[in-house]
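Visitor: quick one, fold the following:
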Amino acid sequence: MTSPNPYGTPAASTTDPAPARPLHKRVLVWVGGTALLLTGALIGSAGDDGQETGAAKAAPATTVTARSTVTAPATPEPAPTVTKTLKAQPEPAPTVTVTVTKTARANTAAGTSTSGGGTNKSTGGSGTARSNTGTCSIVSNAGNCYSAGQFCRNADHGARTTTSAGTPITCSYRSKAWRWTS
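Guide: Predicted coordinates:
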């Protein structure tokens, strides 16, 4: 009877199991296998392929040890650089004294006189002369005298001169600038 479930356990067989091999055939298989094993062992040990066995000649084993030491030349590490920083101090400016002397010219007009025919004609002018009470030894680029409080040129630092009134003034550093001071 067949089971309705194909994945279930099969039903037991009612037929006899297959007859086993006869004993004489089983013995022959064992004897043949043992014979082949022994034959291979004899051929393998009896063959001399030019190799010597370890028992025939015992030689001490040689051990080679190689050591190599590589030493690089020692280079010192750079040491820290110490730098001392100094505050820059302005150098004192050299004292420059420039003396320029100018002579004042008097502008005078000379009179002419002519005589003749009873008329006396006289042409003349009173001379107008600029009178400077002081002499400016240092003048501006425009040719004028400096006065106290004005800025000095770079070339005049530390110099002395006079104003147009004759008062002595000096170019000195005051109020964060170079000025003419009395």
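
Visitor: show me where pLDDT drops low in the protein?
Guide: Along the chain, segments meeting pLDDT under 70 span 1-4, 12-21, 47-59, 72, 102-134.

Visitor: number of nearby residues for Asp156?
Guide: By other CB atoms under 10 Å, 19 other residues sit near Asp156. Placement of C-beta: from N, CA and C, glycine included.

Visitor: repeat that for Thr162.
Guide: Under the criterion other CB under 10 Å, the count of neighbours that Thr162 has is 18.

Visitor: from what I see, it and Ser137 are in contact.
Guide: Yes. Using CB atoms under 8 Å, Thr162 makes contact with Ser137 at a distance of 6.8 Å.

Visitor: how near is Cys145 to Thr167?
Guide: Going from Cys145 to Thr167 by CB to CB, to the nearest Å gives 10 Å.

Visitor: so for the two, which sits in the more crowded spot?
Guide: The residue with the greater number of neighbours, taking Cys145 and Thr167 and applying other CB under 10 Å, is Cys145; the counts read 21 against 11.

Visitor: and the more buried one, what are its bridge partners?
Guide: Following DSSP bridges, Cys145 is listed with bridge partners Val139.

Visitor: give the contact list for it.
Guide: Taking CB atoms under 8 Å, 6 or more residues apart in numbering, we find Cys145 in contact with Gly134, Cys136, Val139, Thr161, Thr162, Thr163, Ser164.

Visitor: gap between it and Pro6?
Guide: Noted for Cys145: a distance of 136 Å to Pro6, by CB to CB.

Visitor: so Ser45, which state does it fall into?
Guide: Reducing the assignment to helix, strand or coil with DSSP: H, G, I helix; E, B strand; the rest coil, the entry for Ser45 is helix.

Visitor: tell me the spacing between it and Thr39.
Guide: When CB to CB is the yardstick, Ser45 and Thr39 sit 11 Å from each other.

Visitor: Ser164 now?
Guide: As it turns out, when the distance is counted by CB to CB, Ser164 lies 145 Å from Thr39.
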